[in-house]
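3D model of this:
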Amino acid sequence: MMFWYDHDVSGWGWFGMSIGMVAFWALIITALVLVFRAANRPHEHTHTPAAPTPQQILSERFARGEIDEEEYRRRLNAIHAGPLTKP
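Numbers count the residues shown, from 1 in each chain. Presented below is the predicted three-dimensional model:
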């Protein structure tokens with residue numbers, strides 16, 4: 001019977017409980033929003049760089065000086081002509 005009348009919560013206790021309840025629900029709602037966003041986010045795909053086209057390779061070789069203009073134009077025409085077919 002010693003603590004019979006000492007169990008009520010004073011004004012500061014109610015204030016502390018109110019702040020604690022708001023913080024608790026804010027934490028729960030924030031966690032749910034973050035989980036929802038993470039679940040609905042589109043997956044990022046790592047794209048491998050595209051292989052250079054034959055024209056790009058030929059242009060690079062011409063720019064480096066590996067082939068002269070005549071050979072560049074001849075090979076470029078061959079590329080644009082398409083694959084050779086046997087009659």
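
now the strand or helix carrying Y72: mean pLDDT?
Assignment of secondary structure by DSSP states H and E places Y72 within helix 69-81. Helix 69-81 shows a mean pLDDT of 91 in the predicted model.

which stretches of the protein form strands?
Counting by DSSP state E, one finds no strands in the chain.

longest single helix anywhere in it?
Using DSSP state H, we find that the single longest helix of the chain is helix 11-40.

Pull the distance from that one to the chain's centre.
The chain centroid and the centroid of helix 11-40 are separated by 28 Å under CA atoms, centre = their mean, to the nearest Å.

Same check on stretch 47-60?
Chain-centre distance of stretch 47-60: 25 Å, with CA atoms, centre = their mean.

again, but for stretch 44-60
21 Å.

List the contacts of that stretch.
The contact list for stretch 44-60 (CB atoms under 8 Å, 6 or more residues apart in numbering) reads 67, 72, 75-76, 79. All C-beta spots, glycine's among them, are computed from the backbone N, C-alpha and C.

Many thanks, have a good one.
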